[in-house]
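Student: return atomic coordinates for the entry below.
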Amino acid sequence: MPTYTAVPLAWEEQTAVNFTHKITITHTNMDSGWTSGSALGIFTVAANQVVARAAFRLVTAFSGGGTTALAFKLGDGNDDDRFSVSKSVHNNDTPVTAWSSNAATLPYAYTGADTVDAIFTATDGTLAGLTAGEINIYLQVVDLGKV
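Tutor: The predicted structure follows:
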């Protein structure tokens, strides 16, 4: 199973950037367990939680392994692009280096548990063959079960 880093931001960071969580995915996370075009749950959302905002910052464009393009989108089990429609994150294809959701689907309140899913779709090559790349995904998650 692919590994990645998902951490809550410190209170000072949350106040400064208005996001609560940061998920970091690098090219080394794209092992054989992550299939091109398939959703991988990167953050678990519980019932009564709301994803209010989503964004990403491309730290290093993805490249290598014969891949000529790499598309990224962010969604969940009911809508694979709820938070982000497909964006290029590959160095051969004018990558989008920073993006913040203004989707009509946000904020989105979950009535049952789900996952926020990352989907990377490679053109030519494989995800496992990538030799460079890092993306930071930011979420603002509000837990209405605690208020």
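Student: show me what counts as buried in stretch 123-142.
Tutor: 125, 127-128, 130, 133-142 (16 or more other Cβ atoms under 10 Å). In short, each C-beta sits where N, CA and C put it, glycine included.
Student: closest to Thr44 among these?
Tutor: For those, the minimum distance to Thr44 (Cβ to Cβ) is 10.2 Å, reached by Val141.
Student: and the closest residue to the closest one other than its chain neighbours, how many neighbours does it have?
Tutor: Closest residue in space to Val141, ignoring its immediate chain neighbours: Thr20 at 5.0 Å, by Cβ to Cβ, 6 or more residues apart in numbering. Neighbours of Thr20 under the rule other Cβ atoms under 10 Å: 19.
Student: which of the buried residues of stretch 123-142 lies closest to Val116?
Tutor: Nearest member of those to Val116, counting by Cβ to Cβ, is Leu139, at 6.5 Å.
Student: contacting residues around the closest one?
Tutor: Phe19, Thr20, His21, Ile23, Phe43, Val51, Arg53, Ala54, Val116 (Cβ atoms under 8 Å, 6 or more residues apart in numbering).
Student: repeat that with 10 Å
Tutor: Applying Cβ atoms under 10 Å, 6 or more residues apart in numbering to Leu139 gives the contacts 6, 8-9, 19-23, 42-43, 45, 51-56, 74, 83, 101, 116.
Student: hmm, back to that, show the pLDDT at the residue nearest to Val141.
Tutor: In this model, Thr20 is scored at 96, pLDDT.
Student: my guess is it meets Leu9, correct?
Tutor: Yes - with contact defined as Cβ atoms under 10 Å, Thr20 reaches Leu9; the gap is 6.0 Å.
Student: please identify every residue contacting each of these two.
Tutor: Tyr138, Leu139, Gln140.
Student: lovely, talk soon.
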